[in-house]
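*Asks:* I'll drop the sequence and a predicted model, then ask my questions.
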Protein chains: 2
Amino acid sequence: MPVYKAPLRDMRFLLNEVLDFPAHYAGLSNGKDADPDTVNAILEECAKFCEEVLAPLNLSGDAEGCRIDDGVVTTPRGFKDAYDQYASGGWQGLSHPQEYGGQGMPMSLGLLKSEMTGTANWSFTMYPGLALGAMNTIMQHASPELKGLYMPPLVEGRWLGTMCLTEPQCGTDLGQVKTKAEPQPDGSYKLTGTKIFISAGEHDLTENIIHIVLARLPDAPPGTKGISLFIVPKVQVNADGSLGERNGIRADGIEHKMGIKASATCTMALENATGYMIAEPNKGLEAMFTFMNTARVGTAVQGIAHAELSYQNALAYAKERRSMRALSGKKEPEKVADAIIHHADVRRMLLTQKAVAEGGRAMIYFAAQYADHMVNGIVENDDAKYRHWDDKLGFLTPILKGFLTEMGLESANLGMQVFGGHGYIWEHGMEQIARDARISTLYEGTTGIQALDLLGRKVLLSTRGKAVREFTALIGKFAVEHMRNGKLRRYAADLARYAAEWNVLTMRVMLMARKDRDVVSAASHHFLMYSGYVTMAYFWALQAAVASQKLAQGGAETPVFYKAKIATARFYFDHLLPRAKAHAVSMVKPSKSLMKLPVYAFAFE
Amino acid sequence: MPVYKAPLRDMRFLLNEVLDFPAHYAGLSNGKDADPDTVNAILEECAKFCEEVLAPLNLSGDAEGCRIDDGVVTTPRGFKDAYDQYASGGWQGLSHPQEYGGQGMPMSLGLLKSEMTGTANWSFTMYPGLALGAMNTIMQHASPELKGLYMPPLVEGRWLGTMCLTEPQCGTDLGQVKTKAEPQPDGSYKLTGTKIFISAGEHDLTENIIHIVLARLPDAPPGTKGISLFIVPKVQVNADGSLGERNGIRADGIEHKMGIKASATCTMALENATGYMIAEPNKGLEAMFTFMNTARVGTAVQGIAHAELSYQNALAYAKERRSMRALSGKKEPEKVADAIIHHADVRRMLLTQKAVAEGGRAMIYFAAQYADHMVNGIVENDDAKYRHWDDKLGFLTPILKGFLTEMGLESANLGMQVFGGHGYIWEHGMEQIARDARISTLYEGTTGIQALDLLGRKVLLSTRGKAVREFTALIGKFAVEHMRNGKLRRYAADLARYAAEWNVLTMRVMLMARKDRDVVSAASHHFLMYSGYVTMAYFWALQAAVASQKLAQGGAETPVFYKAKIATARFYFDHLLPRAKAHAVSMVKPSKSLMKLPVYAFAFE
């Protein structure tokens, strides 16, 4: 069974040595309590809970899955108890305001928590995770009364929640949503329709489930401009907060999925379910998307979660399993064969996982600082501040979600590969990690949608390339600073070249797209992956620079930790970053190599 | 549920228009009966059986899996009946000699059959597939008596067989095999030991199962030079061919796997099981590897099988599912949204699948001609001929097995991706294809083993680069021939460059490896993938050349088929071949970026 140890050393390296979170938190209006000692204590306690309570339920949860019987969903053994511990530990409200009973910590600390719970047990983490989406939506858009009624039990973890967007005919294209909401004389609405793929839509963890539902008013214009947003509780809530009658929303079935089997994915039938509108009529989609960037960064975490878990366990196996001799000569002559970690190709796989887990972690923690500022903007009712940071986060979001989940999936598959045939066997848990990872490139916007969001919206439409110019300026600054440092020169030189090329490619695609709109879609995947590889390169160079400085200073407690950082950076620049070159070539090919083939000519019998 | 239509048009294009199989068969000693009409009739009948009988059992077989009860294994519903039809149709002996009751057709036709049965239902195909390995081994190495006893029922399909190599402590490193074989006074042996991962080790399809087992004689030297090869029947066979007593080999358990769930993967316990030695004592490993190239090409087929099946079903979905509008303007204005096949990024995924399925098919059919010659060498007892063609096949084998299974896995995942969230749901069958495909890079030698076999053995050790020079000469010839053809110039120019670069890279790695043996392993993965991309490029250019010639001639029945070939070649050169560049860069990096990190420095808590 896979084992999980929270990588606290690496997390602290990023927080304290690379990204200076102490200074960052000191600058936040809700960061005063997040002093280094408190942060450390929170991380350690969370790590313990994840290692001891959540991780041991991961494999058994996969075996058992969820059951549904007449609308009642049962989660796997141990989940209810683990959830009770999670809720009573105050974990759900870690980053929510104290006025609702939360601990008022910065958003980023919640992300670190999700990273650990998610690595230990992604299926489990889906239940509180979806509720966070519901909570954030309510917090920003609902009336004070609704907030007063719903937020405290949600923050307490006494209730959970969902996001009900997808319907059978549409997922990406939410303009096709059909669920209807009829206004009632008392100001409430009656909702009727079918929602599918609703994670945590029904379960036995909490007494109530608060659904956030997209639906259409009777007079709504067609398409995306006619969608409104509603709170639909599973059990009605009385004015005093006590529970009332069962509402007209129920689980009609749960999906039989490839992975995350312990997470109940429900089909929800709404039949005259009572709902309460939040946000303005017909502006539901915009409201729903307020926290989309943070939600998507939360899914990007899945990439590093599965890379980390698969890495830890593949590494342990590679140190134990013996096969053949190292090409450069016997490493363990007294044994029947050398441990497979002595084979370069096995190291290539392990180092890919390590580079993705640690490089991705740096990317996410960096973005989390933007998210902290953005949330501060919301809490302070400072719309300009909110928009400024949300825009900065918005550029990184599709890169993080799109690139890191693809790399996480690759890493999970490499972990299986290190196990050889044993990787295909359920008991070892490695194939489960790959199955669980597989959803991450599909939900919260597929990789293709992230790619289009990045190139089409964030780069070309909203900023005409400015977002790339701004971000590459950061990279260029690093390159200039380190170009004369013998130990970092090669990273600096490569980064300077890629930063310049990224801008050139952006301009070329922009010019091509003026004559041929299909280019935006044709180039999008390559642009996304290129952006991802270059961004991760920056964060590896940054880590190498800090490590190199620490070693130069001398007296480090664990010099080998820093040496490993430098070795991994070197590996990344030699074995992963060159892939960007292929994407650079393909990105600027004419769209006709994709679009010219008529639909009827794709296949012949 | 996924549907399968055998791609007969494409298969015929390769057989008759690109690779001239009629002339190839006419030149084989066992090819006279394989005239175009007969071949056509065989393909059509096989297609019908696969589409109507095997494909409908694929999803249900996955759901049901195999069961074991006290050593008795039950295959999913319908498998026994389908197998009976397969055997009575004479499919098992299609490419085996008439003296044993086979149809005496060339080996390559058997491969085409496996392609179709495997695409329709890979789990099913494992049962007859493993028996083919056993048959080939017996045919080449057993005594005339043993052949006379075992071959006819195997060729008839009345019995099936297995290859028992792997043990708990070793898979790749077979020198660690521990199973013991004690000689008996009557010339037989008593075998005791444990074999794991034995596909088709036990089942209810046939009355007997003939195991080929690797084991060690009491006085055997350690390591690979002390391994012998035995026939161990599940049920003893009397001298007259009738069945005798149950032998001491039994299934102790079946594996709970990620995919190919309808294929029983057994742990086999041998307790004083009677066996009969084939081949010479202590030379079992060599004998076992005689047909290794064909077996591995058989596994390479899995790459194109899953790419094809996933493509066919993703294509159907992409034509039906509607989401958003094409960037270049509405394509189906009367509908609520455009079919997703109108989005360039969806086409990128579909065309990747198509390029892999059809490009890989061309690679395999080309190699199959080598296999035909090799088998002719064996049948004619012409060792020089056998070795000549086996060597040529031996260079292509790791490229086919390593590269095509990796690409097949990518393609299967892209098929899921086209389905969006629905791809993750079991009922659609797309995630099963990805799970089934996942084994292909692990068994019959992992991708890492193929890479090492290619670079270490086939290129550097045995031929000092000659194998690359010979194969790239073919590519160079094509380039020269088509350099002045306006429609093919770009392919010819690219190919000429890559052919030259492939040789240069080979020399560079060879020189680096003289000083640093680890380079061979460090470069191997990149060398394999580079070789794969360039080889596939050659076969796409070849197809484009034939298509272009057919169009120039005019009067083609289906001109659009040829246009689609040219469009797919263009796509391949624009969107997949550039990946070779990344591998070229990484291949020649020093091994220290992989080897320098000490084992204890891979992780910190």
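*Replies:* In hand now; what should we look at?
*Asks:* So the residue of chain A positioned farthest from its centre: helix, strand or coil?
*Replies:* Distance to the chain centre peaks in chain A at A:Glu334, reaching 45.4 Å (criterion: CA atoms, centre = their mean). Classification of A:Glu334 by DSSP: H, G, I helix; E, B strand; the rest coil places it in coil.
*Asks:* likewise A:Thr290?
*Replies:* Three-state assignment for A:Thr290 (three-state DSSP): coil.
*Asks:* okay, now it: neighbour count?
*Replies:* A count of nearby residues for A:Thr290, using other CB atoms under 10 Å in any protein chain shown, gives 19. All C-beta spots, glycine's among them, are computed from the backbone N, C-alpha and C.
*Asks:* list the contacts for it?
*Replies:* A:136-137, A:140-141 (CB atoms under 8 Å, 6 or more residues apart in numbering or on different chains).
*Asks:* Among those, show me the least confident.
*Replies:* The lowest pLDDT within those belongs to A:Gln140, with 91.
*Asks:* got the buried residues for the particular helix or strand that has that residue in it?
*Replies:* Assessed by DSSP states H and E, A:Gln140 sits inside helix A:122-141. Residues A:122-141 are the ones in helix A:122-141 that count as buried (16 or more other CB atoms under 10 Å in any protein chain shown).
*Asks:* before we move on, the earlier item: name the pair among the contacts of A:Thr290 with the greatest separation in space.
*Replies:* Of all pairs drawn from these, the one with the longest distance (CB to CB) is A:Asn136 and A:His141, at 9.2 Å.
*Asks:* picking up where we left off before, ok, which of the buried residues of helix A:122-141 also contact chain B?
*Replies:* Among these, none lies close to chain B by the criterion of CB under 8 Å from any CB of the partner chain.
*Asks:* What is the neighbour count of A:Arg438?
*Replies:* Using other CB under 10 Å, A:Arg438 is surrounded by 27 other residues.
*Asks:* For it, which three-state class applies?
*Replies:* A:Arg438 - assigned by three-state DSSP - is helix.
*Asks:* who's in contact with it?
*Replies:* Neighbouring residues of A:Arg438 by CB under 8 Å, 6+ apart: A:258-259, A:409, B:413, B:416, B:424, B:431, B:434.
*Asks:* can you do 7 Å?
*Replies:* By CB atoms under 7 Å, 6 or more residues apart in numbering or on different chains, the residues touching A:Arg438 are A:258-259, A:409, B:424.
*Asks:* Out of those residues, list just those in helices.
*Replies:* Mapping these onto helices (DSSP state H) picks out A:Leu409.
*Asks:* what does the stretch 51-200 of chain A put close to chain B?
*Replies:* Within the stretch 51-200 of chain A, the positions lying close to chain B (CB under 7 Å from any CB of the partner chain) are A:166, A:170-173, A:176, A:197.
*Asks:* who wins for most neighbours among these?
*Replies:* Neighbours here mean other CB under 10 Å. Within these, the largest count is held by A:Phe197, at 24 neighbours.
*Asks:* what's the closest non-adjacent residue to that residue?
*Replies:* Among residues not flanking A:Phe197 along the chain, A:Thr166 sits closest, at 4.7 Å (CB to CB, 6 or more residues apart in numbering or on different chains).
*Asks:* Please, which helix or strand holds the residue in the stretch 1-150 of chain A that chain B sits nearest to?
*Replies:* Nearest residue of the stretch 1-150 of chain A to chain B (CB to the nearest CB) works out as A:Arg9 at 4.2 Å. Taking DSSP H and E as the criterion, A:Arg9 maps to helix A:8-12.
*Asks:* So which residues make contact with that helix?
*Replies:* Under CB under 7 Å, 6+ apart, the answer for helix A:8-12 is A:43-44, A:47, A:112, A:358, A:361, A:561, B:604-605.
*Asks:* what's the answer for stretch A:543-561, then?
*Replies:* With contact meaning CB under 7 Å, 6+ apart, stretch A:543-561 is reached by A:9, A:17-18, A:362, A:482, A:487-488, A:491, A:562, A:565-566, A:569, B:601, B:604.
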